[in-house]
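prediction below, plus the sequence it came from.
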Amino acid sequence: MNFEALGNFEWYNDPENVRFESDGMVIYARSNTDFWQSIHRGFKKDDAHFFFCRKDGDFCLTLKWNFEMKNPSSQCGIMLRIDERNWFKASVMQKHSQHNILMTSLTNQGHSDWAGSDLQEDVKEIWFRLERVEDDYTLYYSLDNINFVKVRTFFMQSYEDVKVGAYIAHPDDGCFFAELSDLNLN
C-alpha cells in the first residue's frame with residue numbers, strides 16, 4: 001500500500017486501534033458499532049469506523065480486506081457517504097450462513113435496505129471496487145484481484161463532494177480486526 005497516498009484520508013469514528021504492517025493497516029473495530037438507519041423502527045447506528053477521502057467528480061476506488069470472521073455480524077468493506085442519512089456500504093459478513101455473504105446496503109433519506117448473496121465458500125480476502133460516473137455508482141468484487149464481478153449499480157442524489165473509502169464494523173461484543181491493503185483511488 002502506498003502510505004503516502006493515505007495523507008488525504010481521515011477517520012469518521014476512530015477505531016479501537018490501528019497497526020501498520022508492511023502491506024497495509026490492521027484495524028481493530030470497537031464492539032457494538034454499525035452503520036444502519038431505520039426511521040420507521042426508530043433504530044439508527046452511525047458509530048462504525050470509516051476511513052475515507054473526499055472526492056468530487058468521477059472516480060474508481062479499489063481496496064482489499066484480509067479477515068477472519070468469528071462473529072456473524074462483523075463487517076469489513078467499502079463505503080460511499082454523503083451524511084448519516086445518505087450512504088452506501090458493501091461488505092462481507094456471515095449472517096445466518098455457513099459461508100460468507102456479500103452484503104450491500106443503500107441508505108436514502110434515513111432508510112436502509114439490505115441485500116445479500118452467499119459467496120459459496122469460506123472467504124478470507126476480498127477486493128472491492130466502486131466506480132462513479134456522474135450520479136451513477138457501480139460496485140464490483142473479486143476473490144483474486146483479476147476477475148471482478150458486477151454486484152450492483154445504484155443512483156445517489158447529485159453531490160459534487162462525496163466521502164469514499166473503507167469501513168469496518170462489529171455490531172456484537174468482543175473483538176474484530178481486519179487488514180486493509182491495496183487501497184487505490186483514481
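Received, thanks.

please, which helix or strand holds the residue nearest to N8 when sequence neighbours are not counted?
Nearest non-adjacent residue to N8, counting by C-beta to C-beta, 6 or more residues apart in numbering: C53, 4.9 Å away. Heads up, the C-betas are built off the backbone N, CA and C, glycines and all. Following DSSP states H and E, one finds C53 within strand 49-56.

quick one: contacts of that strand?
By C-beta atoms under 8 Å, 6 or more residues apart in numbering, the surrounding residues in contact with strand 49-56 are 8-15, 25, 27, 29-30, 33, 35, 79, 81, 132, 160-169, 180, 185.

select only the buried ones of those in PyMOL?
For the buried members of those, the matching PyMOL selection, counting by 16 or more other C-beta atoms under 10 Å, is:
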select buried, resi 9+12+13+15+25+27+29+30+33+35+79+81+132+162+163+164+165+166+167+168+169+180+185
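
tell me which stretches of this protein form helices.
Using DSSP state H, the chain contains no helices.

run the chain-centre distance for stretch 160-173.
Relative to the centre of its chain, stretch 160-173 is centred 5 Å away, using C-alpha atoms, centre = their mean, to the nearest Å.

and for stretch 45-54?
Stretch 45-54 has its C-alpha centroid displaced from the chain centroid by 9 Å (C-alpha atoms, centre = their mean).

pull the CA atoms of it into PDB?
What follows is stretch 45-54, C-alpha atoms only, in PDB (Å, rounded to 0.1, in the frame of the first residue of the first chain):
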ATOM      1  CA  LYS A  45     -26.500   3.400  14.300                       C
ATOM      2  CA  ASP A  46     -23.800   5.700  13.000                       C
ATOM      3  CA  ASP A  47     -20.800   4.700  15.100                       C
ATOM      4  CA  ALA A  48     -18.800   2.200  13.000                       C
ATOM      5  CA  HIS A  49     -15.400   3.200  11.500                       C
ATOM      6  CA  PHE A  50     -15.000   4.800   8.100                       C
ATOM      7  CA  PHE A  51     -11.500   5.600   6.600                       C
ATOM      8  CA  PHE A  52     -12.300   8.000   3.800                       C
ATOM      9  CA  CYS A  53     -11.200  10.600   1.300                       C
ATOM     10  CA  ARG A  54     -13.300  13.400  -0.100                       C
END
